[in-house]
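Sequence first, then the predicted structure, then my questions.
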Amino acid sequence: MYGRRLQILLDEDRYRRVSALAARRGVSVAAVIREAIDRSVPHGEDEARGAALALLLSADPMPVPVDPRDLRVELDDLHSRHG
């Protein structure tokens, strides 16, 4: 299943937090650490999605119609002009 072993040293506070979370979830401390790595270190497609999300979130705010039907009309108009 897993082919690599990793040894890490944690201070008491971190270990307490990780072990408490593992106990609440009913999983091992190692499972919590693996999940944290997966969330923090993107790979492949996840990295591209993360970059795209960061770009979207950094965009300047823009006005959006209150009524969704007006937004649909605006988007349809933009699509028809730009193919």
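Sure, I can see it.

Show the pLDDT at G83.
You'll see G83 listed with a pLDDT of 66.

Please disregard the earlier target; I meant R5.
94.

which residues touch G3?
G3 makes no contacts at all, as judged by C-beta atoms under 8 Å, 6 or more residues apart in numbering. For glycine as for every other residue, the C-beta is placed from the backbone atoms N, C-alpha and C.

Phi and psi next, for it.
Here is the backbone geometry of G3 (degrees, to the nearest 10): phi -110, psi -10.

V64 now?
Dihedral angles (degrees, to the nearest 10) for V64: phi -130, psi 130.

what's the answer for P63, then?
According to degrees, to the nearest 10, P63 has phi -70, psi 140.

Flag the shaky bits of this protein, pLDDT-wise.
Applying pLDDT under 70 to the chain flags the ranges 83.

redo that, cut-off 80
Per-residue confidence for the chain (pLDDT under 80) gives these ranges: 42-47, 83.

Beyond whichever strand or helix holds D13, next helix or strand please.
Assessed by DSSP states H and E, D13 sits inside helix 12-25. Counting by DSSP H and E, the next helix or strand C-terminal to helix 12-25 is helix 29-40.

buried residues in that following helix?
Neighbour-count burial for helix 29-40 flags V32 (criterion: 16 or more other C-beta atoms under 10 Å).

Provide the angle between the direction of the next helix or strand after that helix and the direction of helix 29-40.
Counting by DSSP H and E, the next helix or strand C-terminal to helix 29-40 is helix 45-57. Angle of helix 45-57 versus helix 29-40, following axes from the mean of the first three to the mean of the last three C-alpha atoms, to 10 degrees, is 50 degrees.
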